[in-house]
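Undergrad: Attaching a predicted model along with its sequence, questions to come.
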Amino acid sequence: MTSEEKIQKAIRLEPYASKSEIPIFPMIITYAGVPAGITQAKLFESNEIWLDSMEKTFQKIGCYPDMVMPVGAADTVFIESMKARLPGRELGDNELFQFIELPVMTEDDYQFLMDNGYQAWKMKHLCAIQEPPVTPNETGIGQIVGRLMEVGKHFGMNRQYWESKNIPLCFHNGCAPAFDEFSMSRGMEDFFYDLYDEPEMVKNACAAATPAIIGQALQGMKPGDRIAMFAMRSSSSFISPEMFEEFAFPYMKQMVEAFYAKGIVSVIHCDGNWLPMLPYFCELPKGSCIIELDGTTDIEKSAEILRGHQCIRGDIPAATLAFGTVEETKAYCDKLINLAMDGGFIIGTGCEVPLNAKLENVQTFMNCLKY
């Protein structure tokens, strides 16, 4: 089977005839600098350096995965739409970048979005989070548009490179639900006050933004593609299941159903503890999602809930890769293989491979189906 055939079988939730059919996906972005022998500051210099580092990383590991990340380190930070400290700028040359939890978005911006549209608000926000901030006039917005076009160019370069090696991309475009985007843009503390003080305003802004997010995400997409959905603030690590049902899930559901109607699978990145929220994914069309879990959500209980409904990707923890032994890594991988055999499962890392991951543990993970 090709890698894409393995992925499609996982999405269709079909049982595996042998463990060799299970797809393997390590989420590698910043870790690529470590096996490549360069600093984080160097990795952030250009997409070309990042792509070369990714190739060197897989050469050092000794094999290729079945899926690969399509967006480089610097572009990943840019599209997350938060202020950030970068290696070689605010941080040391070999330190991991940091997002800054600041209320860049104001309470008035909800109304601004509803009056002027999601795209106008997004451009205003992207101007505000640059370092130094960019004035949201014709010149400033032109700079942002130019940077977005650069991200698109890099994406195309990366796609061409990996597809020449018959390695599929994890996703072909990306977006975030309005709820999660507002939480990150507003800052967690101020956003929680908004949910308490002005719940209808938040919901109205989510309702206004969601069709525009869907339309933007679908640009250039075709049936069979996958779209990343970064729902990083909707877990029970941040909100209650009741809040999820009221504020987050209706718009997430609207997005998944719109993408699925176009033949596109949603790759939902689920940081934090999602166990109380997972039953909601059973309300979505069968096989419409890949649910990415990061090691915080109980993987065995997740498999019980989602089996026969949605595909899971997960979830070897970062702590295991960084501090575990080869034997502990292999044991965890064996657990995942046992869970995977019933189908609907992609063996992956719990979020990104950390900078301090031991190479021998990453190699054990990548080769776990061969033992």
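TA: Looks like it came in fine. Numbers count the residues shown, from 1 in each chain.
Undergrad: Tell me which stretches of the stretch 1-150 of the chain form strands.
TA: Taking DSSP state E, counting those that start in this stretch as the criterion, the stretch 1-150 of the chain contains strands spanning 24-27, 84-85, 98-99.
Undergrad: Walk me through which strands the longest one pairs with, and which way each runs.
TA: Strand 24-27 sits in its sheet next to strand 345-352 (parallel), going by DSSP bridges.
Undergrad: I would like the residues contacting the helix or strand following the partner strand, please.
TA: Note on strand 345-352: by DSSP states H and E, the next helix or strand toward the C-terminus is helix 359-366. The contact list for helix 359-366, computed with CB atoms under 8 Å, 6 or more residues apart in numbering, reads 24, 26, 31, 34-35, 60-63, 65, 316, 320-322, 324-326, 329-330, 333, 349, 353. Every residue, glycine included, has its C-beta placed from N, CA and C.
Undergrad: follow-up on the earlier one: so which of the strands of the stretch 1-150 of the chain is nearest Ile312?
TA: strand 24-27 (11.6 Å; CB to CB).
Undergrad: Check which residues of that closest one are buried.
TA: 24-27 (16 or more other CB atoms under 10 Å).
Undergrad: Could you point out which of those residues is nearest to Met252?
TA: Using CB to CB, the buried residues of strand 24-27 come closest to Met252 at Met27, 20.8 Å.
Undergrad: Spell out the secondary structure type for the spatially closest residue to Asn173 that is not a sequence neighbour.
TA: The shortest distance from Asn173 to any non-neighbouring residue, by CB to CB, 6 or more residues apart in numbering, is to Ile227 (5.1 Å). Put simply, Ile227 is strand when judged by DSSP: H, G, I helix; E, B strand; the rest coil.
Undergrad: mind checking how far Leu218 is from His172?
TA: Computed as CB to CB, to the nearest Å, the Leu218 to His172 distance reads 11 Å.
Undergrad: follow-up on the earlier one: redo the buried residues of strand 24-27 as TSV? Include pLDDT.
TA: Listed next are these as TSV, based on pLDDT from 0 to 100:
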residue	pLDDT
Ile24	98
Phe25	97
Pro26	96
Met27	97
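Undergrad: Ends of stretch 291-311, what's the gap?
TA: Start-to-end span of stretch 291-311 (CA to CA, to the nearest Å) is 6 Å.
Undergrad: Which positions in that stretch come out as buried?
TA: For stretch 291-311, using 16+ other CB under 10 Å, the buried residues are 291-299, 302-303, 305-307, 309-311.
Undergrad: Strands - which of those land there?
TA: Judged by DSSP state E, the subset of these located in strands is 291-293, 311.
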